[in-house]
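In: The following comprises the amino acid sequence and a computationally predicted model.
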Amino acid sequence: MSEQTVSFSVDSGLLDAFVHTAEKNSCDNTELLKGFMAEYVQQDVRRQQYEEWFRGKVEKGLAEIKAGLGLSSEQAEAQMEAFKASAERVHTGSRP
């Protein structure tokens, strides 16, 4: 991979703090900036992957509802109430 030089303006206080912190931690400024850039790109890749996964889940769920495979709100609420009651019984040690 070829390298390019990047030049940009930054607040002098921020730059001083960055350089001081990097030196204090025995880190190379350039390597830190390269690492931050790479991490930023990876965060974007992970965000895109998550959005694609989530969109697929939503589309699948909507297709299931359209096909009549989902629960009505009332059915879902009834199942949740039964689950909560069961969990409470387990927690308190009582029997149904």
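Out: Yep, that arrived. Numbers count the residues shown, from 1 in each chain.
In: Could you give me the buried positions within the helix or strand encompassing residue 17?
Out: Assigning secondary structure by DSSP states H and E places residue 17 in helix 12-24. Within helix 12-24, the residues scored as buried using 16 or more other Cβ atoms under 10 Å are 18, 22. To be clear about C-beta, it is placed using only N, CA and C from the backbone, and glycine gets the same treatment.
In: Could you pull out the helices in this structure for me?
Out: 12-24, 29-66, 73-92 (DSSP state H).
In: quick one: average confidence on the helix holding residue 17?
Out: Mean pLDDT, helix 12-24: 96.
In: gap between it and the chain center?
Out: Relative to its chain's centre, helix 12-24 lies at 29 Å (Cα atoms, centre = their mean, to the nearest Å).
In: Report the inter-axis angle for it versus helix 29-66.
Out: Here helix 12-24 runs at an angle of 100 degrees relative to helix 29-66 (axes from the mean of the first three to the mean of the last three Cα atoms, to 10 degrees).
In: Give me the residues contacting helix 12-24.
Out: 28-29, 32 (Cβ atoms under 8 Å, 6 or more residues apart in numbering).
In: coming back round to it: please name whichever of the helices of the chain is nearest to residue 3.
Out: Of all the helices of the chain, it is helix 29-66 that lies closest to residue 3, at 9.4 Å by Cβ to Cβ.
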